[in-house]
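In: I'd like to go over a predicted model; first the sequence, then the structure.
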Amino acid sequence: MSERIIKSEFSDLMQKSYIDYAMSVICQRALPDVRDGLKPVQRRVLYAMQELGLRPDRPHRKSARIVGDTMGKYHPHGDTSIYDALVVMEQEFKKGMPLVDGHGNFGSIEGDGAAAMRYTEAKLQKFTQDVYLADMDKDIVDFQPNFDETEKEPVVLPVRIPNLLINGAEGIAVGMTTSIPPHNLSEVVDGMIAYLDNEEITVKELMQHVKGPDFPTGGIVVNEHDLAEIYETGSGKIKLRGKVEFEQGKGRSRKDKLVISEIPYTMIGANIGRFISDVVGLIEGRKTTDIVDVSNESSKEGIRIVLELKKNADVERLKNLLYKKTRLEDTFGVNMLAIVNGRPEQLSLKDILHHHALFHHELMRRKYTTLLDRAYEQKEIKEGLIRACDVIDLIIEILRGSSNIKEARACLIEGKTEGIRFRSQKSKKQAEKLRFTEKQATAILEMRLYRLIGLEIMALQEEYAKLLTEIKEYEKILNDPKEMKKVIKKDLLKIKKEYGFARKTALTTAKAAVVVEAPPEEKELVFVMDRFGYGKMMDKQTFERNEDTVYEEYRFIVPCLSTDRLSLFTHDGMMHQLKISDLPGGRLRDKGIPLDNVCNYDHTSQNILAVIPMSRLDKTEILFVTKKSMVKFVEGTEYKVSKKSVASTKLAEGDEIVHISFFPVDDKKKKSIVLQSANGYFLRFSLEEIGRKKKTAVGLRGMSLKDGDEVIKVYLCENGDTSSFILYKDKELYLSKLKLAGRDGRGTKVRR
């Protein structure tokens, strides 16, 4: 057998495969359909529950059974995603209208997870059965084969309200996301009716009915003026605030309270705990002294987070502080993206109502077409039965004279009398004239004798008259667009009357929260850092009492002010800044915190060579000496920047800083620098020979090094000082006795 090799460009193959994958995620998992507002997993869960018979008037069933049926028949993905979808559709704090009625632990607004699916039970809400799944026996939606073509599933559910708006949607696809806030059912129905009355209506006019999002957690939308643009474009940001109420303390021991009774929708879950942590942080960071205690008294009845206040606390400032510094004010990003005709589209408010109006019209058209077909079928049967009652004696004679049902049916439909025994020729001739339809003949053959009672015959005639009225009504609805609109509007108003509720979220235009922070108290402190990179602040009195111990145990000791910042210079040519207020205060034996936690310094790859308060940089020159003997002075003002990290100097490849010193400006006279190389060379020259350069410059060569040699240590001394010495190979080497040479010399070789 000859080989068949298919040549393909790898990039083309990958591109096609990725596009196929992306479209699968977008259309089959992450984004809702504009018609029913449901993602595939939600649609399949609800349909599986209906197929299991989990109607509102029946008992609950184990969630594991629902998940199993959904996964086995319709949704061949992980059971976790299916159960998560079921849980979310039950949670009334996430959905504008919950679709599932659950028994057991389905999680809480504070972020507690649902119990395992084997412990919880569920069935459909009455609202879901009436509005999302009704009339599915009337061929109002198309069905498609499931993943293995053993079952049929609906392409879309016959949802008769704009669920995309009422319950909202959230989903992350490939290269796109959707985020649609929930809305009030009554308002959306009013907006839908307004659109049906005038299809040329503008978004601004629609907003007289659909005023804005209505989150199940309540709260306040504070940028109402932005909603018009959001609904026009389908994207934007909604600013949400929690509802804060002031409770006056009563009696001597009672304190005033700020009570948060409604939270922003974005605070659902773990963010409630984070909010309380943020409030505690404000207290510990002394951003406010008005809060005495924080407690979460939330229960099944609702949210209640209580902040106990000091006497005469500034309540308005405290509210603004909470809005500014915590998630009590948050942003909900809106991106109204949905699947329209198999493609993702960003939609405006009017677009969503338009597409749902088309869908609702199609549902009603198919429903009344099916009802009309059934009515015509019943009309045909009723006409046959009424006619049969008029010749019932002949029909009985035919049945008694037939040897089998086939002969009787042939006689009723075609008037064939062969093989049938009649009492008279007259009966036979009458039988030959019979021409019932097949459906009429079947109904006659299945008719019970009690239907021959006079009252039953009258009831049959009344049913026939009623059928004629229904047929006329159905035809009118199907043939007259105005009548169809009336039916749709009547249907919507019925849903609103039964399931509508008052708005929960308030809408307003509020000023941005502004907090004028009192300047922090300025105190003299001492920054200390040990050799492991742990730092802390020590008050001046503690330092002075333990000065000797501090100098023994800590690598850096830097006096500074509490309002200042620290600049950390590292061996790799970087400068990192940190706020002194971010460092904890500590006693002598307190460990402090790793500096990695409060700035960009990395103790695993960087070595701190020098530390200086930023306030001292104005009148300071910084001396840099590198391993490859490059030296320079840089003005400290170049490092007064707002960035947390900047390059402190330019280094050649393979070079690093070995020494950094700080000098008052123009304080270099009568001072010398001594460079020591690894090969034992010492070069002493005046600091005045080192030029002032920019931080972006490499610098000047300080010492002429042989190949393989490098600067390992740097010493500073006063000219004429005879007391400065170092130990070099177990001998005292006086720095002042070294020959004062010029910069860029080889230096003196010091032997044992």
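Out: Great, that's in hand. All of these numbers come straight from a predicted model, not from anything done at the bench.
In: I'd like to know how far the most centrally placed residue in the chain sits from residue 266.
Out: Residue closest to the mean C-alpha point of the chain, counted by C-alpha atoms, centre = their mean, is residue 170 at 6.8 Å. Between residue 170 and residue 266 the computed distance is 11 Å (C-beta to C-beta, to the nearest Å). For the C-beta atoms, the positions are set from N, CA and C on the backbone; glycine is no exception.
In: still on that earlier bit, which of the three states applies to the residue nearest to the centre of the chain?
Out: With DSSP: H, G, I helix; E, B strand; the rest coil as the basis, residue 170 sits in strand.
In: ok, now which ones touch the nearest residue to it once chain neighbours are set aside?
Out: Excluding the flanking residues, the one nearest residue 170 by C-beta to C-beta, 6 or more residues apart in numbering is residue 179, at 5.5 Å. Listed by C-beta atoms under 8 Å, 6 or more residues apart in numbering, the contact set of residue 179 reads 169, 170, 332, 333, 334, 335.
In: ok, residues contacting the lowest-mean-pLDDT helix or strand in the chain?
Out: Lowest mean confidence among the helices and strands of the chain (mean pLDDT, DSSP states H and E): strand 725-728, at a mean of 73. Contacts to strand 725-728, defined as C-beta under 8 Å, 6+ apart, come from residues 715, 732, 733, 734, 735, 750.
In: okay, and the residue nearest to residue 170 sits in which element?
Out: Using DSSP states H and E, residue 179 falls within strand 177-180.
In: cool, and residue 643?
Out: With DSSP H and E as the test, residue 643 turns up in no helix or strand.
In: what's it in contact with, if anything?
Out: Residue 643 makes contact with residue 577, according to C-beta under 8 Å, 6+ apart.
In: go again with 7 Å.
Out: Going by C-beta atoms under 7 Å, 6 or more residues apart in numbering, residue 643 touches no other residue.
In: pLDDT score for it?
Out: For residue 643, the model assigns a pLDDT of 87.
In: please name the residues that touch the residue nearest to residue 461 when sequence neighbours are not counted.
Out: Nearest non-adjacent residue to residue 461, counting by C-beta to C-beta, 6+ apart: residue 386, 6.4 Å away. Contacts here follow C-beta under 7 Å, 6+ apart; on that basis residue 386 touches 460, 461, 464.
In: just put those in CSV and tack on neighbour count, secondary structure and distance to residue 213.
Out: Formatted as CSV, the contacts of residue 386 follow (neighbours: other C-beta atoms under 10 Å; DSSP: H, G, I helix; E, B strand; the rest coil; distance: C-beta to C-beta, whole Å):
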residue, neighbour count, secondary structure, distance to residue 213
460, 16, helix, 55
461, 14, helix, 56
464, 16, helix, 52
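In: what's the spacing between residue 361 and residue 477?
Out: Distance from residue 361 to residue 477, by C-beta to C-beta: 11 Å.
In: overlap in contacts of the two?
Out: With C-beta under 7 Å, 6+ apart, residue 361 and residue 477 have common neighbours residue 484.
In: so where's the stretch 201-350 of the chain uncertain?
Out: For the stretch 201-350 of the chain, the stretches flagged by pLDDT under 70 are 251-253.
In: which stretches of the stretch 601-750 of the chain form strands?
Out: Shown for the stretch 601-750 of the chain, the strands assigned by DSSP state E, counting those that start in this stretch span residues 608-613, 620-626, 630-635, 645-647, 657-664, 671-677, 681-686, 700-701, 711-718, 725-728, 731-734, 748-749.
In: can you list the ones you listed in CSV and add distance to residue 498 and mean neighbour count?
Out: Output for the strands of the stretch 601-750 of the chain, formatted as CSV (distance: least, C-beta to C-beta, whole Å; neighbours: other C-beta atoms under 10 Å):
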stretch, distance to residue 498, mean neighbour count
strand 608-613, 70, 20
strand 620-626, 77, 23
strand 630-635, 77, 22
strand 645-647, 62, 14
strand 657-664, 77, 18
strand 671-677, 90, 22
strand 681-686, 95, 22
strand 700-701, 87, 14
strand 711-718, 86, 17
strand 725-728, 93, 14
strand 731-734, 98, 12
strand 748-749, 101, 12
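In: how about the strands in the stretch 151-300 of the chain?
Out: Going by DSSP E, counting those that start in this stretch, the stretch 151-300 of the chain shows strands at 152-154, 169-172, 177-180, 220-221, 235-241, 243-247, 257-262, 291-296.
In: in its sheet, which strands sit next to the shortest one, and in what direction?
Out: So that's strand 220-221. Under the criterion DSSP bridges, strand 220-221 sits next to strand 235-241 (antiparallel), strand 506-507 (parallel) in its sheet.
In: could you dump those to a markdown table with mean neighbour count and distance to residue 499?
Out: Formatted as a markdown table, these follow (neighbours: other C-beta atoms under 10 Å; distance: least, C-beta to C-beta, whole Å):
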| stretch | mean neighbour count | distance to residue 499 |
| --- | --- | --- |
| strand 235-241 | 20 | 25 |
| strand 506-507 | 16 | 22 |
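In: rebuild the ones you listed as JSON lines, extending it with distance to residue 566.
Out: Output for those, formatted as JSON lines (distance: least, C-beta to C-beta, whole Å):
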{"stretch": "strand 235-241", "distance to residue 566": "36"}
{"stretch": "strand 506-507", "distance to residue 566": "46"}
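In: nearest to residue 531, of these?
Out: Across the strands paired with strand 220-221, residue 531 has its closest neighbour in strand 235-241 (48.0 Å, C-beta to C-beta).
In: distance from the chain centre to that closest one, please.
Out: Centroid displacement of strand 235-241 relative to its chain, using C-alpha atoms, centre = their mean, to the nearest Å, is 13 Å.
In: what does stretch 118-133 give?
Out: The answer for stretch 118-133 is 25 Å, by C-alpha atoms, centre = their mean.
In: tell me where the stretch 151-300 of the chain has helices.
Out: 163-166, 185-197, 203-206, 227-233, 271-284 (DSSP state H, counting those that start in this stretch).
In: list of residues touching the first one?
Out: Outside helix 163-166, the residues that touch it by C-beta under 7 Å, 6+ apart are 32, 34, 36-38, 96-97, 180, 182-183, 185, 188, 338, 352.
In: redo that, cut-off 6 Å
Out: By C-beta atoms under 6 Å, 6 or more residues apart in numbering, the surrounding residues in contact with helix 163-166 are 34, 36, 37, 96, 97, 183, 185, 188, 338, 352.
In: again, but for the last one
Out: By C-beta under 6 Å, 6+ apart, the surrounding residues in contact with helix 271-284 are 110, 288, 291, 294, 325, 326, 327.
In: looking at the residues you listed, which one is closest to residue 311?
Out: residue 291 (12.5 Å).
In: name the nearest residue to residue 388, ignoring sequence neighbours.
Out: That would be residue 444: by C-beta to C-beta, 6+ apart, it lies 4.8 Å from residue 388.
In: so which elements touch the helix or strand where that neighbour lies?
Out: Following DSSP H and E, one finds residue 444 within helix 438-446. Applying 3 or more C-beta pairs under 6 Å, 6 or more residues apart in numbering; DSSP states H and E, we find helix 438-446 packed against helix 349-390, helix 405-414.
In: which one, of these, ends up nearest to residue 249?
Out: Closest among the helices and strands packed on helix 438-446, using C-beta to C-beta: helix 349-390, at 45.4 Å.
In: can you pick out the residue with more neighbours from residue 361 and residue 477?
Out: Legend: neighbour count by other C-beta atoms under 10 Å for residue 361 and residue 477, higher for residue 477 (23 against 16).
In: I figured the more buried one hits residue 483, correct?
Out: Yes. The pair residue 477 and residue 483 qualifies as a contact (C-beta atoms under 6 Å) at a distance of 4.8 Å.
In: quick one on the thing from earlier: save the helices and strands packed on helix 438-446 as JSON lines, and put in distance to residue 507 too.
Out: Formatted as JSON lines, the helices and strands packed on helix 438-446 follow (distance: least, C-beta to C-beta, whole Å):
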{"stretch": "helix 349-390", "distance to residue 507": "15"}
{"stretch": "helix 405-414", "distance to residue 507": "69"}
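In: ok, of those helices, where does mean pLDDT dip lowest?
Out: helix 405-414 (a mean of 83).
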